[in-house]
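*Asks:* Mind looking at a prediction? Sequence and model below.
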Amino acid sequence: QVQLVESGGGLVQAGGSLRLSCAASGRTFSRNAMGWFRQAPGKEREFVAAITGGGGSTNLADSVKGRYAISRINANTVYLQMNSLKPEDTAVYYCAANSAPFGGAAIGAWEYDYWGQGTQVTVSS
């Protein structure tokens, strides 16, 4: 049974930093893209960042470029480093993984088959 577990969320002041972790279990994702999405209250889930299986290619949403970075520690662990946080970054952040190998760092939620339960990030002004 595949599970994705996010951790590292919390409350931080504007301008601060957090690092989210996503740990996958149940199968290896060494050749599979993984990504981060977020959903703020009353809004649709939106793409944040993605990374390919080998970690050689990444994608970041325009709203987080220059502030966030995604990295791959091993086959089943992905980090999202978030710096210079803003109140508008407040959301539940979800980790996702693609079941198909060799996919790109996709930005569409439909590209991902496995999802975590999410971790809350709250940025105070």
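*Replies:* Received the coordinates, thanks.

*Asks:* could you pull out the strands for this structure?
*Replies:* Secondary structure of the chain (DSSP state E): strands at 3-7, 10-13, 18-25, 32-39, 46-51, 58-60, 68-74, 77-82, 91-101, 114-115, 119-124.

*Asks:* Which positions in the second one come out as buried?
*Replies:* Neighbour-count burial for strand 10-13, counted by 16 or more other Cβ atoms under 10 Å, picks out Val12. Just so you know, the C-beta spots here come from the backbone N, C-alpha and C atoms, and that holds for glycine as well.

*Asks:* That one - what's its average pLDDT?
*Replies:* Mean per-residue pLDDT for strand 10-13: 98.

*Asks:* Which elements pack onto it?
*Replies:* Here strand 10-13 touches strand 119-124, going by 3 or more Cβ pairs under 8 Å, 6 or more residues apart in numbering; DSSP states H and E.

*Asks:* Same question for the longest one.
*Replies:* If you count contacts as 3+ Cβ pairs under 8 Å, 6+ apart, strand 91-101 packs onto strand 3-7, strand 18-25, strand 32-39, strand 114-115, strand 119-124.

*Asks:* Parallel or antiparallel, which strands does that strand pair with?
*Replies:* According to DSSP bridges, strand 91-101 forms sheet pairs with strand 32-39 (antiparallel), strand 114-115 (antiparallel), strand 119-124 (antiparallel).
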